[in-house]
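1. with the input below, show me the fold.
(one chain, ligands or ions: 2)
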Amino acid sequence: MERNIIITGGAGFIGSHVVRLFVNKYPQYKIINLDKLTYAGNLANLKDIEDRPNYKFVKMDICDFDSVYKLMQDEHVDGIIHLAAESHVDRSIKDPFTFAQTNVMGTLSMLQAAKLYWESLPEKWEGKRFYHISTDEVYGALEMTHPNGIEPPFSTKASSGKHHLAYGELFFTEDLKYQPHSPYSAAKASSDHFVRAFHDTYGMPTIVTNCSNNYGPYQFPEKLIPLFINNIRHRKPLPVYGKGENVRDWLYVVDHARAIDTIFHNGKVAETYNIGGFNEWKNIDIIKVLINTVDRQLGRKEGEDMDLITYVTDRAGHDMRYAIDSTKLQKELGWEPSLQFEEGIELTVKWYLDNQEWMDNVTSGDYMKYYEDMYANR
Ligand code: NAD
Ligand code: DAU
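-> Ligands and ions are numbered 1, 2, ... in the order given. Next up is the predicted model:
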């Protein structure tokens with residue numbers, strides 16, 4: 001079957017992996033990457049597929065309603081996978097307006113353009129899909145201590161190849177109420193509500209997914225894992241927020257892209273699916289794994305860079321723990337992560353060490369000023 005799909009934010013971290021997967025796997029589809037190319041968007045992330053006949057890049061702002069609407073008409077778009085967003089919590093604390101503008105108004109612009117275009121067609125919603133990519137942060141923060149006194153991680157690590165949910169009530173499930181804490185997650189929560197409202201009010205065929213922290217190649221180095229890999233390599237301090245005890249649930253980005261593929265094609269309209277790999281880590285533990293892995297891959301003595309760890313002022317409103325229960329997705333659609341965490345981290349460290357030129361390009365200019373300002377006050 002032929003399809004014409006817009007992927008927004010396709011030049012960013014996760015979006016570039018989704019574009020790559022769709023362009024490679026579905027030569028019969030036309031994949032249109034709609035991206036404004038903010039500081040986080042980088043066409044170098046897609047060098048390997050940029051000349052493919054089923055791929056097209058369009059530089060556009062999702063908030064520019066008229067242009068988005070015209071693009072949908074011109075390209076006869078029947079599917080939208082919406083990833084474009086401002087994505088970094090620390091930036092949202094400094095500049096919440098940009099987050100409301102892009103994440104809320106931008107999503108509304110995409111929804112309204114799709115609604116007007118699809119409603120104008122004789123077949124209307126039939127064969128259409130608006131798939132909105134959201135985050136687990138909309139659910140707020142989880143408890144650190146189980147009523148029985150047990151400390152997280154509550155789920156077994158991916159290395160066992162299995163997981164258990166003995167403490168299931170302490171995970172993010174799809175029916176949890178939204179309790180966002182940061183301007184970033186508040187804006188994402190608002191956009192999720194608009195997507196569901198377009199289904200409930202107009203009948204638009206929508207799907208929302210909420211995923212945990214992603215890691216892997218092409219992530220902008222303001223986020224924990226690429227920032228720390230680069231700092232360890234160059235023996236720069238590693239700014240650990242607070243005591244480093246916050247817990248995050250990590251998923252290899254290609255596995256998120258695989259989940260998006262599965263859900264886009266087989267997910268049920270109006271449903272929500274949580275995506276995660278049952279892989280919780282305290283920040284400080286993951287940082288030690290990163291130091292050991294970078295040291296070993298660079299031929300240094302493992303652990304010799306532990307003294308780079310520098311405890312700094314905590315992030316304002318720092319959510320203590322995230323942990324996704326992705327049982328619904330696994331049971332209903334058969335998706336499972338393909339990589340164990342240990343393999344994913346090896347590949348990720350190797351990729352950043354092998355791609356210093358990519359790192360140098362994205363950390364030059366304005367970014368260095370942002371980075372210096374950000375850490376000067378901590
Ligand atoms: P990213 O910051 O790496 O990329 C965002 C992309 O969106 C960039 O290419 C940027 O140029 C583009 N963009 C920003 N504003 C735009 C606008 N107004 N118009 C068009 N394009 C615009 O983000 P990411 O980490 O790849 O996250 C992608 C999506 O996945 C986001 O919606 C985010 O909320 C969600 N998400 C991210 C994670 C994660 O761990 N990174 C986890 C769960 C969900
Ligand atoms: O949970 C999904 C979310 O994961 C996505 O929706 C966001 O777009 C994505 O940015 C990510 O949010 P986090 O805030 O969890 O990711 P970040 O990499 O910024 O931070 C991970 C943890 O590490 C968090 O507890 C804060 C801490 N941290 C981060 C940085 C950048 C530090 O201790 N020091 C740092 O310098």
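
2. not counting sequence-adjacent ones, nearest residue to M359?
-> Nearest-residue entry for M359: N230, 5.7 Å, with adjacent residues in sequence omitted and distances by C-beta to C-beta, 6 or more residues apart in numbering. Using the backbone N, CA and C atoms, a C-beta is placed for each residue, glycine as well.

3. what about that neighbour, neighbour count?
-> Per other C-beta atoms under 10 Å, the neighbour tally for N230 reads 18.

4. same question, Q73
-> The criterion is other C-beta under 10 Å. On that basis, Q73 has 13 neighbouring residues.

5. next one: S109
-> Residue crowding around S109 was assessed by other C-beta under 10 Å; the count is 20.

6. in a helix, it, correct?
-> Yes: assigned with DSSP: H, G, I helix; E, B strand; the rest coil, S109 falls within a helix.

7. what is the neighbour count of the residue in the chain that ligand 1 sits nearest to?
-> Here the residue of the chain nearest ligand 1 is G12; by C-beta to the nearest ligand atom that distance is 2.1 Å. By other C-beta under 10 Å, the residues close to G12 number 25.

8. what's it sitting at in phi/psi?
-> Here is the backbone geometry of G12 (degrees, to the nearest 10): phi -90, psi -170.

9. OK, contacts around it?
-> Each residue near G12 by C-beta atoms under 8 Å, 6 or more residues apart in numbering is listed here: 35, 40-42, 45, 83-84, 87, 220.

10. buried set for stretch 277-296?
-> Of the residues in stretch 277-296, those scored as buried under the neighbour-count criterion (16 or more other C-beta atoms under 10 Å) are 277-283, 286-287, 290-295.

11. typed the wrong thing, it's stretch 30-38
-> By neighbour count on 16+ other C-beta under 10 Å, the buried set for stretch 30-38 is 30-36, 38.

12. from K282, how far off is the closest residue to V253 other than its chain neighbours?
-> The shortest distance from V253 to any residue that is not its chain neighbour, by C-beta to C-beta, 6+ apart, is 3.5 Å, and that residue is G216. With distances defined as C-beta to C-beta, to the nearest Å, the gap from G216 to K282 amounts to 20 Å.

13. likewise Y252?
-> Y252 sits 19 Å away from K282, going by C-beta to C-beta.

14. V195 belongs to a helix?
-> Yes: secondary structure of V195 (three-state DSSP): part of a helix.

15. which pLDDT value goes with it?
-> The score at V195 is 98. That number is its pLDDT.

16. just to revisit the earlier point, and the residue nearest to V253, how many residues sit next to it?
-> G216: 25 surrounding residues under other C-beta under 10 Å.

17. tell me which residues touch it, please.
-> Counting by C-beta under 8 Å, 6+ apart, the residues that G216 touches are 13, 17, 252-254, 344, 347-348, 351.

18. just how off-centre is the helix or strand containing N4 within its chain?
-> With elements taken from DSSP states H and E, the one containing N4 is strand 3-8. Computed by C-alpha atoms, centre = their mean, to the nearest Å, the chain-centroid distance of strand 3-8 equals 18 Å.

19. what does stretch 292-306 give?
-> Computed by C-alpha atoms, centre = their mean, the separation of stretch 292-306 from the middle of its chain amounts to 28 Å.

20. span of it from start to end?
-> Distance across stretch 292-306, first residue to last, is 8 Å (C-alpha to C-alpha, to the nearest Å).

21. equivalent analysis for stretch 96-106, please.
-> End-to-end distance for stretch 96-106: 14 Å, by C-alpha to C-alpha.

22. is it anywhere near ligand 1?
-> Yes: using C-beta under 6 Å from any ligand atom, we find that stretch 96-106 touches ligand 1 at 102, 106.

23. and the average pLDDT for that stretch is what?
-> Rounded to a whole number, the mean pLDDT of stretch 96-106 is 98.

24. do that stretch and ligand 2 meet at all?
-> No: for stretch 96-106 and ligand 2, the contact criterion (C-beta under 6 Å from any ligand atom) is not met; the two come no nearer than 10.3 Å.
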